[in-house]
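Undergrad: Below: sequence and its predicted model.
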Amino acid sequence: MRFAPTEEQAEFRSAVKALLVDTCDIAAVRASWGGEVGRHTEVGQGNGRVERAWKGLADMGVLGLLVPEADGGMGMTQDAFVGIAVEAGYAGLPDPLIETAAVAPPVLASSSEPLASELLARIASGEVTVGVGFGESPLVPCASTADWFLILTGTAAHLLDASAVDITPLSSVDGARHLGRVNWSTAASTVLVSSDSDAAVLTAARNAAVTFSSATLVGLSHRMIDMTVEYVGERHQFGVPIGSFQAVKHELADAALGVEFAEPLAFNAAHLLSVGEDATVAASMAKSRASRASQVASDACLQLHGAIGYTVEHDLHLFMKRAWALSRQYGDFRSHRAVVRRALLGS
Amino acid sequence: MRFAPTEEQAEFRSAVKALLVDTCDIAAVRASWGGEVGRHTEVGQGNGRVERAWKGLADMGVLGLLVPEADGGMGMTQDAFVGIAVEAGYAGLPDPLIETAAVAPPVLASSSEPLASELLARIASGEVTVGVGFGESPLVPCASTADWFLILTGTAAHLLDASAVDITPLSSVDGARHLGRVNWSTAASTVLVSSDSDAAVLTAARNAAVTFSSATLVGLSHRMIDMTVEYVGERHQFGVPIGSFQAVKHELADAALGVEFAEPLAFNAAHLLSVGEDATVAASMAKSRASRASQVASDACLQLHGAIGYTVEHDLHLFMKRAWALSRQYGDFRSHRAVVRRALLGS
Amino acid sequence: MDLTWTESEQRFREECREWLRANVPAEPLPSGDTSEGFAAHLEWENLLHSAGWAVVSWPAAYGGRDATLWEWLIFEEEYYAAGAPQRITQNGIFLLAPTIFEFGSRAQQDYYLPRMSAAQDLWCQGWSEPNAGSDLAGIKSRAVRDDERGGWVLSGQKTWTTRGAFSTHLFGLFRTDPEAERHRGLTYFLAPLTAEGMTVRGFGRLDGDEGFAEVFLDDVFVPDDDGTTETMAAGGILGEVGQGWGVAMSTTSSERGLTLRSPGRFRAAAARLLELAHDQIAAGVDLDPAVLDAVTDAWIDTEAYALYTLRDVTGVVEGTPAGARSSYNKVFWSELDVRLHEAALDLLGAEAELDGSWMHGYEFSLSGPIYAGTNEIQRNIIAERVLGLPRK
Amino acid sequence: MDLTWTESEQRFREECREWLRANVPAEPLPSGDTSEGFAAHLEWENLLHSAGWAVVSWPAAYGGRDATLWEWLIFEEEYYAAGAPQRITQNGIFLLAPTIFEFGSRAQQDYYLPRMSAAQDLWCQGWSEPNAGSDLAGIKSRAVRDDERGGWVLSGQKTWTTRGAFSTHLFGLFRTDPEAERHRGLTYFLAPLTAEGMTVRGFGRLDGDEGFAEVFLDDVFVPDDDGTTETMAAGGILGEVGQGWGVAMSTTSSERGLTLRSPGRFRAAAARLLELAHDQIAAGVDLDPAVLDAVTDAWIDTEAYALYTLRDVTGVVEGTPAGARSSYNKVFWSELDVRLHEAALDLLGAEAELDGSWMHGYEFSLSGPIYAGTNEIQRNIIAERVLGLPRK
C-alpha cells in the first residue's frame, strides 16, 4: 500500500511545473484569448494555444507519456499523468493537453490500423492535437486548431480528421476556449473502436476525460486560492490586511478544504485507469467533487478580491472562467454524483 | 395591500407572549419531559403538558380563536393564529396547541354532526385536546393525553375518541413529545369529512398543520438564536466575549437570515387559509424554509455554545430537540420542496 | 393582512403594462455598459421620461407622477416582467436622488432633480478609492478650501465607478479636514466630469463590459453655492461641510435597502428560469432531479424575498422603516440572484459556458455580494446592529 | 501508487476479522457512557487485551503486537465493520499514550502503558475548565510546589471530562508558575482520581448519556517521581515542569490527527447508511431524490476521507507527517460524520425523531465539530498555518 506518486513521477511533475512557469505565464494565457469572441475583444487575438509550452511538453515527453514506446512514446501509465494535469490546471494552460496526450492515445493504441500508429507518433512529437467530444454533435474546445477529432458516442469512438468535420465556432465565457460545435457524418470508416469490439477502451476514454479534467480543476482551484492568499495578505482595509479577518480566513479555509479532499479522488481514479480496472465510479466521484470544489473556490476567491477581481485587467478571471467551463465539460457536479448514486442505489 | 398583523392581532399576540413567559417558562418545559423515556429519565416525570399554560390559553380565548362564535369561540381567521404559533414555538410549549386549536376546529366546523359542535365548545373551553396524525397509522405527539384523534388520510378526516384507538407509546428524542403510534380501524362511523364531500376542508387541514408547524419552528429558531446571542455575549475566551469573533457573528447572522425569510412565507400561507384559498404550495414553501432554517439555527447555536450546549443541564437542547422533531413532522424540508417542484415543473 | 391590490393600484398596473407592451424594444438593447449600448439606452431614458415613467414616485414637478411606494413596486414588477432595458440612470435616481431629497436645498432639488430624471445629467458614484473599498472611512481624496476663489479644490482618485466612462457627473466623499480621522471631516461633493482637472479612464469588467472607470481629480474647482444655476452646474456640496459621512450613510442605506432591489427584478428572472426549465424538459434534456430542486429553491426564495419586501414596505408606509435590518435584504437578494443564475446554468449543462444571456446575467450577479457594502460587512452589521453582538 | 495490500497485510486482516467475528457481542452493549454499560465495556476491554487486540501498534511488551501503521488501519476498518463496541479506553490509548511514548521516562512508560492497555487504569482528559475551552491557554487550575513533602499540590476545576465519572485517572494541564501568562508556566500532570482531595461529579450529555464529568481538585498531592512504582501510582509529571503547553500540543495533535479518527469508523457508518437506504427503497418508502443524493454525497465524502488518510499515512510512513494540515482532517471527518447521520435521519423521515441508533449517533456526531479544538479554531489553523494568512 502506497498512495503517493513515485519519486520519479514527482520529479517529472516538478520539471513540468518549471516548464509551465517558464512558457505558460499569465501573459501567455491572456494572449491565447480570441479576438472573434464578441464582447471579449479587448483581451487578445490568440488562437487558444500556447505554442511554446506545447513544444516544451513535446520535448519533455509529456505528450507521449501514454504513447507506447513502439510508437515513439514513453509507454507510461495514467498515474504518471495525473499530477501533470494538476500542473496544467495551475498554469491555466488552454491547449488540449488532456485530450491529446491522455484521452486519445490509449484509444489509438487499441487499434491495429496503421493510421492509429502514425497518429500516436505525431502526438508524441507534438505535431498534432486532438479534439475530444462526447455525443453526436459535441462542443469541443480548441476546435479551430485541432488536427484530429475523437468523438465518443455511446457505442463507438470515431476518428475524423479536421477536413471531415464541420465546425461552428461558438463563443465561450472563457476566451481561450475557442470552442466549436462539431458536426459530422457517421460512417463505417469513421469508427476506430466500437463497444462491440472493445467496450473497456471506450469506457476508459470517457473515464480519462473525466479524471483528468478533475485533476485540471484541482490545479485551477489551487491557483485561484494561492492568488487570493497573496492578495488578502497585501490588501489593507480598516488598518489591517483583510486576510487577518476571520471571515476571510474561514472562507479560504473552506475553499481549500474542498480542493484538498477532491484531489485524492482524482489520483485514485488515475490509479484505477493505470491498472486497467473500471474507473467509472471513481472518475465520477472525482469530477463531482472537483467541479464543486472549483465552484466554491471561484466564488470565495472572487468575493475576497472584491471589485478588483471583477475586472478583466486583473488575472483572476482567466482562471475562474476556465474553471467554470471545465467544471461542466464532460459532466458537471450533479450529473457525476448521479452516476455514483445509480451505482450505489440503482436510481 | 398590507402585509402585517392588524393592531388588534399584534396586541393579542403580545398578551399571549406574556402569558407564556409567565406560565410556560423553561422549568415548566423541562418538567413536561417524560419519565418513561428510556435514556432521558433524569430529566423529568411529566406527561408532555403544561397545564397552567393551557388553562391560560383557554381563558384568553386562544383555544377557541378559530372556533365559530356559535360554538363558544371567537370565530376568527388563521392570520390571527399564526403569530401565536410563533410564540408557542418561542416558549417551547409542548402541548398540542396547533392541532387542537388550529387544525381540528375548521374540520369540525365543516361537519353538521352534533358531536362536532359539542367538541368545538369543549376545545374552546380547554377541556379536551386533539391529537392529529397524517396517514393510516400515524405518529402522534401528546398521544397519551389526547382526548380525541383527528386522522387525516388521503381521502378522509377520521374522528376517534381515545378509547377507539390503540396507542403504542414511542420514545422520541424530545422527551416532551410523548409520542404514540396510533392504530385504529376505519369504519363509516369514523369518517367526519371525506374528500368526496368536502375536499377543500381536508386540504386546508393538511395545510394548517404544515403552516402552523412552520410558524412554531420560526419561534423555536428565534428562541435558540436569542439564547445564543446572550451566551456568546457573556462567554469569554482569549480575553474577549466570543461573540466578538467574526466567525461567530457570521454563523449567527446566517442562522438569523434563514429564519427571517422563512417567517413571511408562514404568514402568507396563514393568510391564504384565512381567505379560503388553496394554500398547498404556500404552506409547503413555508415548511421547506422553516424546517431548513431551524436546522441551520440548531446547528449554529449548538456549535457556538460548545460543550455546555451539549449537556442536558443546559436549556438549549430542550428547544433544539423540539425543532428536530417538528422540522420533520408533517413533512420535512425536502418533501415540501418536492411539493413545490411538482407544482412548478410537473415532476 | 390584506394581500390584494386596490382597484386603483390595479388600474395603475394595467397602465404600466400597456405602455411597456407598446414601447419596450422587441430586441434587447446592447449592454448599457458599452459605448454603443449606452447611446441606445439614453434614447430609451428619453422615451421613458417623456411618457412620465422615468421616476414614478417623484413629484410631478421633477418628472414623476407622485406614485405611492406600492405603485412604485408595481411599476418595477411590470418593468422587469416586460424585459425592459436596464436603467443607466439608476445611480442617480436610486443612490443620489434620495440624498438630494433629504439633504439638498430647495434650489438644489429644483436644479438637479429634473435634469436627472430627464437623463440630461448622468451621475456616477465616487465612493471607492484604491485603498478605500469596504473601509469607506479610509478615503484619502481631499477638498481644500480656496477662500480667494470662493469654493473648494478637489484632488485624488476614485475607482470602480460603474458606468463612469459614460456619465456626466460624479457624486462622492472628499476629506475637507485633513486633521480629522476616519469618518470625521468628510464632505459630500457633486461635480461635473467635464470640469477642468477631471480625467476618466474606463476599463473592463470580467463580464466583458467596459462599465468600470477610474476618475482622477487634479485640482478640480467646485464653487460655493450662490443659488444660481451657473454655480450649481459647476458642482456643489450636499449637507454641511464635514458632515459627509452621515449624508453618505443615508445614501448607502438607500442603496442597500428597498429602493435599489425591488423584487420585480428577481421575479422576472425566476419566471424566465421556469420557462427555461420547461423548455429543457420539453426538449427531452436529461436533467438530474437535483437541478430541478435548484430551480425550485431559487423560485421559493424569490417568493420569500417578494413577501419580505411587502412586509418591509408595509413598515415603511406605516412609519417603521427597516434600518439596519436592510442588511438582511442586501445579503439575501444578492445571493438569491447568484442562485437564480446558477440554476439556469445548471439547466444548460455543458452549454452553460456559451456566451449568452444567462452566463452574462450570472457574471453580473456575482458583483452583487461585493458592491454596495460586501456581504461580509453586511453580516457584521446584522450580527452587531440587529442581533446585538459585541463589536469587539 | 500501489493501492493494494500485501499478502501479509491481507493475512493480518483475515486474522482480525476472524477473531472479531467470533468475539464481538451479537447484541450491541449498552452505551459505555452509562454506568451499566461501562461495566460491560470493561469486560470487553479485558477480552480484547487478553487476545492481544487492545493496542495493536504498541510494542508487545506493553500489550501490543508491534503492528505497522497500515495494519493498524486495517484493524480499525475491521473493528468498525464488525460493529465492535466503542473503546472506553480511547482517551488513554489515543490521547495520553502518544504523549507518554514521546515525553515519558522509560520507567513511566513501563509503569503506565501496560496498565493502560490492560484497562487497569482508565484515563480521562483534564483539559477544559469553566473558563478555558477553545482558549486552552486560559487555564487557571494550579499546582503549587511543596518542597517539604517533595511534590506538588493541585487545586482547581476541570470540566467536560468525557467519561470522567467512570475513569480512574486524570491527565491535564496545571499552572505551576502563577506569574507566567497564557501558555507559559503550565505543567502536564498525571493523577489518580482516587487521590485525597479529588471530587468527581458526573452530569448528562444531550444524547442522554451521563458521560460528562466535572472534576474538583482540592489540594491533591502529587509526589515527585523517584522511579518507584509507589510514587508513579500517586501521579506524576510528563515532560519538564513549565513545558506543559508543548507537551499538551503534541497530545492535541494526536487527538486531532490521524490516530483518533481512522476511516474505518466512517466507512462502517457509510455501509450501514447504504443498507438503510436499500431497506427503505425495498420497503417502498417514498424517498425524494434529494435524499438519495444526500446518501450519495456522504458516501463519496467517506471514500474521499479514506483515500486522504491513505495519502496521509503514506506521508507518515515516509517521514512527512501532516502537521498543521491535520486540521483539514479534523474539520472534514467531524462534519462528514454529521452528514452521514443526517442522511440517515432523512431516510427515516418522520420516524427520525424516534430514539434509535441513528438519532443517537447523530447526537454524538454533533459533538465532533466542538471537541478536540472547535472547527472554528481548526479553520483558523488552516488559514494561518497551512495557507499562510496573517494572524492579526
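TA: That came through, no problem.
Undergrad: interface residues of the stretch 201-347 of chain A facing chain D?
TA: Listed as neighbours of chain D in the stretch 201-347 of chain A under the rule CB under 8 Å from any CB of the partner chain: A:225, A:229, A:232-233, A:240-241, A:243-244, A:246, A:248-250, A:252-254, A:256-257, A:260-262, A:264-265, A:267-268, A:271, A:274, A:285, A:288-289, A:337, A:340-341, A:344-347. Backbone N, C-alpha and C define where each C-beta goes, glycine included.
Undergrad: all helices of the stretch 101-250 of chain A, in order?
TA: Assigned by DSSP state H, counting those that start in this stretch, the helices in the stretch 101-250 of chain A fall at A:104-109, A:114-124, A:195-234, A:246-274.
Undergrad: right, I mislabeled it, should have said the stretch 251-392 of chain C
TA: According to DSSP H, counting those that start in this stretch, the stretch 251-392 of chain C carries its helices in the segments C:263-282, C:289-317, C:326-348, C:357-365, C:375-381.
Undergrad: Run a quick neighbour tally on residue C:314.
TA: If you count neighbours by other CB atoms under 10 Å in any protein chain shown, residue C:314 ends up with 18.
Undergrad: Can you go through the residues of the stretch 201-347 of chain A next to chain D and name the buried ones?
TA: If you count burial by 16 or more other CB atoms under 10 Å in any protein chain shown, the buried members of these come out as A:225, A:229, A:232-233, A:241, A:243-244, A:246, A:248-250, A:252-254, A:256-257, A:260-262, A:264-265, A:267-268, A:271, A:274, A:285, A:288-289, A:337, A:340-341, A:344-345.
Undergrad: Determine which of the helices of the stretch 101-250 of chain A approaches residue C:389 most closely.
TA: helix A:246-274 (13.1 Å; CB to CB).
Undergrad: what distance separates that closest one from the centre of its chain?
TA: Once both centres are worked out by CA atoms, centre = their mean, to the nearest Å, helix A:246-274 turns out to sit 16 Å from its chain's centre.
Undergrad: following it, which helix or strand shows up next?
TA: Downstream of helix A:246-274, the next assigned helix or strand under DSSP states H and E is helix A:280-305.
Undergrad: so can I have CSV of the helices of the stretch 101-250 of chain A showing distance to chain B and mean pLDDT?
TA: Output for the helices of the stretch 101-250 of chain A, formatted as CSV (distance: least, CB to the nearest CB, whole Å; pLDDT from 0 to 100):
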stretch, distance to chain B, mean pLDDT
helix A:104-109, 37, 98
helix A:114-124, 44, 96
helix A:195-234, 14, 97
helix A:246-274, 4, 98
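Undergrad: To residue B:213, which of the ones you listed lies closest?
TA: That would be helix A:246-274 among those, by CB to CB, at 32.3 Å.
Undergrad: who does that closest one touch, helix- and strand-wise?
TA: Packing partners of helix A:246-274 (3 or more CB pairs under 8 Å, 6 or more residues apart in numbering or on different chains; DSSP states H and E): helix A:82-91, helix A:195-234, helix A:280-305, helix B:246-274, helix C:375-381, helix D:289-317, helix D:326-348, helix D:375-381.
Undergrad: mind giving me TSV with the ones you listed and columns for distance to residue B:150?
TA: Formatted as TSV, the helices and strands packed on helix A:246-274 follow (distance: least, CB to CB, whole Å):
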stretch	distance to residue B:150
helix A:82-91	60
helix A:195-234	53
helix A:280-305	45
helix B:246-274	16
helix C:375-381	43
helix D:289-317	28
helix D:326-348	24
helix D:375-381	44
